[in-house]
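**Student:** Here is a sequence with its predicted model. Questions after.
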Amino acid sequence: MTQGHTITIEQGERHVRVVHGDQVLAESDRALVLRETGCPVRYYIPAEDVRLELLASSSTRTVCPFKGTASYWSLPDAPDLVWAYPDPKPEVAEIKDHLCFYEVEVS
(Lines give C-alpha, C1' and ligand atoms only; values in the text may rest on other atoms or scores of the structure.)
Protein backbone atom coordinates (compact mmCIF):
# COMPACT_ATOMS: atom_id res chain seq x y z
CA MET A 1 0.00 0.00 0.00
CA THR A 2 1.03 3.57 -0.57
CA GLN A 3 2.25 5.44 2.49
CA GLY A 4 -0.78 6.68 4.41
CA HIS A 5 -3.20 4.43 2.52
CA THR A 6 -4.45 1.29 4.21
CA ILE A 7 -7.01 -1.39 3.50
CA THR A 8 -8.14 -3.83 6.15
CA ILE A 9 -10.49 -6.75 5.58
CA GLU A 10 -12.13 -8.69 8.36
CA GLN A 11 -14.93 -11.20 8.68
CA GLY A 12 -18.11 -9.34 9.55
CA GLU A 13 -20.13 -10.39 12.58
CA ARG A 14 -23.40 -8.71 11.60
CA HIS A 15 -26.27 -9.58 9.30
CA VAL A 16 -26.10 -7.70 5.98
CA ARG A 17 -29.11 -7.22 3.71
CA VAL A 18 -29.40 -5.40 0.40
CA VAL A 19 -32.84 -4.24 -0.72
CA HIS A 20 -33.66 -2.21 -3.81
CA GLY A 21 -37.27 -1.12 -4.08
CA ASP A 22 -39.17 -4.16 -2.81
CA GLN A 23 -36.60 -6.76 -3.91
CA VAL A 24 -34.04 -8.37 -1.64
CA LEU A 25 -30.86 -8.54 -3.72
CA ALA A 26 -28.60 -10.10 -1.12
CA GLU A 27 -28.66 -11.37 2.44
CA SER A 28 -25.67 -12.73 4.34
CA ASP A 29 -24.13 -13.45 7.71
CA ARG A 30 -20.77 -14.00 5.98
CA ALA A 31 -19.97 -10.56 4.56
CA LEU A 32 -16.43 -9.23 4.69
CA VAL A 33 -15.92 -5.73 6.07
CA LEU A 34 -13.46 -3.66 4.04
CA ARG A 35 -12.11 -0.43 5.47
CA GLU A 36 -10.06 1.77 3.16
CA THR A 37 -8.46 5.14 3.81
CA GLY A 38 -10.73 7.92 2.55
CA CYS A 39 -13.65 5.63 1.70
CA PRO A 40 -16.82 4.53 3.51
CA VAL A 41 -16.88 1.07 5.09
CA ARG A 42 -17.90 -1.47 2.44
CA TYR A 43 -19.44 -4.91 2.85
CA TYR A 44 -18.32 -7.56 0.37
CA ILE A 45 -20.93 -10.30 0.19
CA PRO A 46 -20.18 -13.86 -1.01
CA ALA A 47 -21.58 -14.44 -4.51
CA GLU A 48 -23.64 -17.39 -3.17
CA ASP A 49 -25.59 -14.94 -0.98
CA VAL A 50 -26.44 -12.58 -3.86
CA ARG A 51 -29.42 -13.03 -6.20
CA LEU A 52 -27.29 -12.87 -9.32
CA GLU A 53 -30.26 -13.77 -11.53
CA LEU A 54 -31.69 -10.29 -10.87
CA LEU A 55 -28.55 -8.49 -12.03
CA ALA A 56 -27.36 -7.72 -15.56
CA SER A 57 -23.67 -7.48 -16.36
CA SER A 58 -22.54 -3.96 -17.23
CA SER A 59 -19.78 -2.90 -19.61
CA THR A 60 -18.42 -0.53 -16.93
CA ARG A 61 -14.93 -1.24 -15.62
CA THR A 62 -12.93 0.83 -13.15
CA VAL A 63 -9.39 0.43 -11.91
CA CYS A 64 -8.36 0.85 -8.29
CA PRO A 65 -4.58 1.00 -7.79
CA PHE A 66 -5.00 -0.92 -4.52
CA LYS A 67 -7.67 -3.53 -5.36
CA GLY A 68 -7.47 -4.08 -9.14
CA THR A 69 -10.06 -3.87 -11.94
CA ALA A 70 -13.73 -3.89 -10.94
CA SER A 71 -16.62 -5.28 -12.96
CA TYR A 72 -20.17 -3.97 -12.48
CA TRP A 73 -23.77 -5.21 -12.58
CA SER A 74 -26.99 -3.26 -12.92
CA LEU A 75 -30.73 -3.37 -12.37
CA PRO A 76 -33.05 -1.85 -14.98
CA ASP A 77 -33.48 1.30 -12.86
CA ALA A 78 -30.09 1.28 -11.11
CA PRO A 79 -27.01 1.22 -13.36
CA ASP A 80 -23.75 -0.08 -11.90
CA LEU A 81 -25.33 -0.76 -8.51
CA VAL A 82 -23.01 -3.69 -7.74
CA TRP A 83 -19.32 -4.29 -8.27
CA ALA A 84 -16.71 -6.96 -7.70
CA TYR A 85 -13.04 -7.60 -8.31
CA PRO A 86 -12.87 -10.87 -10.30
CA ASP A 87 -9.06 -10.91 -10.10
CA PRO A 88 -8.14 -8.73 -7.10
CA LYS A 89 -4.59 -7.77 -6.22
CA PRO A 90 -2.88 -10.26 -3.86
CA GLU A 91 -3.12 -7.85 -0.90
CA VAL A 92 -6.93 -8.03 -1.02
CA ALA A 93 -7.36 -11.58 -2.35
CA GLU A 94 -10.11 -12.29 0.22
CA ILE A 95 -12.62 -10.20 -1.76
CA LYS A 96 -12.49 -12.51 -4.78
CA ASP A 97 -15.95 -14.03 -5.45
CA HIS A 98 -17.59 -11.33 -3.29
CA LEU A 99 -19.86 -8.51 -4.48
CA CYS A 100 -20.26 -5.04 -3.06
CA PHE A 101 -23.34 -2.78 -3.15
CA TYR A 102 -23.63 0.96 -2.63
CA GLU A 103 -26.61 0.67 -0.23
CA VAL A 104 -26.50 -1.96 2.51
CA GLU A 105 -28.56 -2.53 5.66
CA VAL A 106 -26.58 -3.88 8.60
CA SER A 107 -28.21 -5.34 11.70
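**Tutor:** Cool, the structure landed. Residues are numbered from 1 along each chain as shown.

**Student:** and L55, how far is that from Q11?
**Tutor:** L55 is 24 Å from Q11, where distance means C-beta to C-beta, to the nearest Å. Just so you know, the C-beta spots here come from the backbone N, C-alpha and C atoms, and that holds for glycine as well.

**Student:** And these two? Which one has more around it.
**Tutor:** Neighbour count, other C-beta atoms under 10 Å: between L55 and Q11, L55 has more, with 18 against 9.

**Student:** any idea how far the more buried one lies from Q3?
**Tutor:** Relative to Q3, and taking C-beta to C-beta, L55 is found at 37 Å.

**Student:** is it true that P86 touches S71?
**Tutor:** Yes: look at P86 against S71 with C-beta atoms under 8 Å: they come within range, at 5.7 Å.

**Student:** When the two are compared, which one has more neighbours?
**Tutor:** Between P86 and S71, S71 has the larger neighbour count (other C-beta under 10 Å), namely 18 against 10.

**Student:** Looks like the more buried one contacts R61 (just checking).
**Tutor:** Yes: in this structure, S71 is within contact of R61 by C-beta under 8 Å, at 6.3 Å.

**Student:** What is the neighbour count of the closest residue in space to A47 that isn't next to it in sequence?
**Tutor:** In space, A47 comes closest to D97 once its chain neighbours are excluded; the distance is 5.1 Å by C-beta to C-beta, 6 or more residues apart in numbering. By other C-beta under 10 Å, the residues close to D97 number 13.

**Student:** Show me the strands in this structure, by range?
**Tutor:** With strands called from DSSP state E, the chain shows them at 7-11, 16-20, 23-28, 32-36, 42-46, 56-64, 68-75, 78-84, 98-101, 105-106.

**Student:** what packs against the fourth one?
**Tutor:** Packing partners of strand 32-36 (3 or more C-beta pairs under 8 Å, 6 or more residues apart in numbering; DSSP states H and E): strand 7-11, strand 42-46.

**Student:** Those into JSON lines, with extra columns for distance to V104?
**Tutor:** What follows is the helices and strands packed on strand 32-36, written out as JSON lines (distance: least, C-beta to C-beta, whole Å):
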{"stretch": "strand 7-11", "distance to V104": "16"}
{"stretch": "strand 42-46", "distance to V104": "5"}
